[in-house]
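Trainee: Fold the following.
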Amino acid sequence: MNKVFIIGRLTADPTQGSFDGSTCANFSVAADTRSKTKDGKAITNFYRCSAWRGLGDNCLKYLHKGDRVSMVGDLVHKSYIDTKGQERYQLDVTVNDVEFMGGGRNPNAQTTPQQQSAPAAQAQSTDELPF
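Mentor: Sure thing, here's the model as predicted:
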């Protein structure tokens with residue numbers, strides 16, 4: 001079994017792709033590691049991601065550059081031939097589940113429906129919970 005769990009921020013708005021009639025959202029996520037450079041800065045990894053069908057449609061509709069996401073997916077090893085004729089390899093993430101964790105760093109960005117309803121959910125007292 002192969003699963004990855006990533007929390008990070010989108011590096012750009014998702015782009016739309018398709019294959020065999022299925023919609024795909026392609027995007028890149030930057031996530032800091034626990035490792036540090038010699039000067040104490042966090043080392044950041046960048047992950048190429050693809051979300052398909054309905055999940056891809058939602059990513060295209062609601063995700064934007066700088067948005068924070070939590071996602072679970074499968075690592076996919078791909079090979080391709082570059083412009084110089086050399087065989088190259090890359091690891092991509094096929095996203096199975098994504099949670100939109102809030103807006104980007106731009107305070108003037110539009111909020112999504114999930115962000116608009118979040119304060120009401122947080123205001124609920126634990127005394128009112130059914131368990």
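
Trainee: so where is the protein shaky, pLDDT-wise?
Mentor: Of all residues in the chain, those with pLDDT under 70 make up the ranges 103-131.

Trainee: which stretches of it form helices?
Mentor: Under the criterion DSSP state H, the chain carries helices at the ranges 53-62, 113-122.

Trainee: Kindly export stretch 8-20 (C-alpha atoms) in CSV.
Mentor: Provided in CSV are the C-alpha atoms of stretch 8-20 (Å, rounded to 0.1, in the frame of the first residue of the first chain):
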residue,chain,number,x,y,z
GLY,A,8,0.8,22.7,2.6
ARG,A,9,-0.1,25.7,0.4
LEU,A,10,-0.9,25.9,-3.3
THR,A,11,2.0,27.5,-5.3
ALA,A,12,-0.4,28.6,-8.1
ASP,A,13,-4.1,28.3,-9.1
PRO,A,14,-5.0,24.8,-10.3
THR,A,15,-5.1,24.2,-14.0
GLN,A,16,-7.6,22.0,-15.8
GLY,A,17,-6.8,18.9,-17.7
SER,A,18,-8.7,15.9,-18.9
PHE,A,19,-8.2,12.3,-19.9
ASP,A,20,-10.7,9.9,-21.4
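
Trainee: which residues are in contact with it?
Mentor: Applying CB atoms under 8 Å, 6 or more residues apart in numbering, the set of residues contacting stretch 8-20 from outside is 23-32, 46-47, 50-51, 56, 59-60, 63-69, 104-105. Where C-beta positions appear, they are placed from N, C-alpha and C, glycine not excepted.

Trainee: Buried among those residues? Make that a PyMOL selection.
Mentor: Listed next is the PyMOL selection for buried residues among these, using 16 or more other CB atoms under 10 Å:
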select buried, resi 23+24+25+26+27+28+29+47+50+51+56+59+60+63+64+65+66+67+68+69
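
Trainee: Mind checking which of the contacts of stretch 8-20 land in strands?
Mentor: Counting by DSSP state E, the members of these that fall within strands are 23-32, 46-47, 50-51, 68-69.

Trainee: which among the residues you listed gets closest to residue 95?
Mentor: When those are compared for distance to residue 95 (CB to CB), residue 51 comes out closest, at 4.2 Å.

Trainee: Against residue 65, how distant is that closest one?
Mentor: Plainly put, residue 51 is 16 Å away from residue 65 if you go by CB to CB, to the nearest Å.
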